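> Could you look at this predicted model? Sequence included:
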There are 2 protein chains.
Amino acid sequence: MNKVLLAIAVLLLSITGQSWAGDAAAGKAKSAQCAACHGVAGISPMGIYPNLAGQKEQYLVKQINNFRSGVRKDPSMQAMVSALTDDDVANLAAYYAGIK
Amino acid sequence: MNKVLLAIAVLLLSITGQSWAGDAAAGKAKSAQCAACHGVAGISPMGIYPNLAGQKEQYLVKQINNFRSGVRKDPSMQAMVSALTDDDVANLAAYYAGIK
């Protein structure tokens, strides 16, 4: 029975696109360090930096992790993400993805 | 006198944020090849791929060129952008940046 409930929960989550991975409120607090380049609400004040507001959560996690691992190279971003934990990354992604 | 007019034109363009680099209509036509991953209007149907709608034009040019040069590595993107001209890149960036 528990497996049936779990399957239903997973199905509902996949239909709604809801993620239980990141804490958007914690991400918002952490995002202060990102605001200079990406804007206070994820709309960048400069053309060379991307908007993050409304970006796909999974994509944001992937790219931050690519900067952390050095797969994607950018000296500024590598400095900014070096101290982040996995939870920080999930929270930041949830925050930016949730901005409409 | 021509220099004064040019200076005024540059000033006006910089104030309005208008770019004369890319042709959005040509970019829209070219974007058909991007739609499978990035969506028909730049909103990706999959979490792993970024939304491009409303993204900064300058950032889009920079990233497409990073994929073209191999600075940013992604096998799918490298295959997709390998045949693009500089004009194609400018046009695609103008198209996606202009989607509200």
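That came in fine, so what should we check first?

> any idea how far residue A:26 is from residue A:69?
Separation of residue A:26 from residue A:69 (C-beta to C-beta, to the nearest Å): 23 Å. Heads up, the C-betas are built off the backbone N, CA and C, glycines and all.

> Same check on residue A:34?
Look at residue A:34 and residue A:69: by C-beta to C-beta, they are 19 Å apart.

> Below-threshold pLDDT in chain A: ranges please.
The model of chain A has pLDDT under 70 over residues A:1-2, A:4-20.

> residues touching the residue at minimal distance from the centre of chain A, list them.
For chain A, the residue nearest the mean C-alpha position is residue A:93 (1.0 Å; C-alpha atoms, centre = their mean). Contacts for residue A:93 (C-beta atoms under 8 Å, 6 or more residues apart in numbering or on different chains) come out as A:21-22, A:27, A:57-58, A:60-61, A:64.

> and if we set it to 7 Å?
Listed by C-beta atoms under 7 Å, 6 or more residues apart in numbering or on different chains, the contact set of residue A:93 reads A:22, A:57, A:60-61, A:64.

> and what of residue A:81?
Contacts for residue A:81 (C-beta under 7 Å, 6+ apart) come out as A:64, A:67-68.

> Now with 8 Å, please.
Taking C-beta under 8 Å, 6+ apart, one finds A:64, A:67-68, A:89 in contact with residue A:81.
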